[in-house]
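> What follows is a protein structure lacking sequence information:
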């Protein structure tokens, strides 16, 4: 039923291993290279490794994807610290956008899930990896990713990302 764009990040432990394990569980159709990125929202922490992926499963709903993302985080050993919303983590998996099989975007504003992701259009570490695997990427209701990255603040943030190459995984 859905195609999703996911953003994954890790800045504790073996960052590459955490991303690789999540990719294996999520079974994407496309995965970006790994980008080393400065922390966002809380500068007092290590740099992140970030990737974007596109996944498709005709039997999964957006809520199913959220449950799978949470399962990946738990498997990596993530413990949420409510006192530090943007703090360090062994793995973070966010659903950025989702589409029905018909191609219609999914909009959701529940307590558990907001789609499209409400802050994705402000985050170069989400947009740059996504654009690298989908030149026509667009956030429903926000516009094309390449146009969003023309914003001077996002363009400056994008220049701080360092491409590290791909992950080795069985897909």
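The structure has been received and is ready for your questions. Note that the structure is predicted; figures quoted are calculated from it, not measured.

> Can you give me the distance of residue 6 to residue 127?
According to Cβ to Cβ, to the nearest Å, residue 6 and residue 127 sit 13 Å apart. From N, CA and C alone the C-beta is placed, and that goes for glycine too.

> Look through the chain and tell me its longest helix.
Longest helix of the chain, by residue count under DSSP state H: helix 62-76.

> in the protein, which spans are helices?
Applying DSSP H to the chain gives helices spanning 15-26, 62-76, 124-133, 145-148, 152-158.

> what comes up buried for the longest one?
Read it as helix 62-76. 62, 65, 66, 68, 69, 72, 73, 76 (16 or more other Cβ atoms under 10 Å).

> Give me the distance from that helix to the chain's centre.
For helix 62-76, the distance from its own C-alpha centre to the chain's C-alpha centre is 12 Å (Cα atoms, centre = their mean, to the nearest Å).

> neighbours of the residue nearest to residue 154 when sequence neighbours are not counted, just the number please.
Distances taken as Cβ to Cβ, 6 or more residues apart in numbering place residue 124 nearest to residue 154, at 5.3 Å, with adjacent residues excluded. Residue 124 has 25 neighbours, counted by other Cβ atoms under 10 Å.
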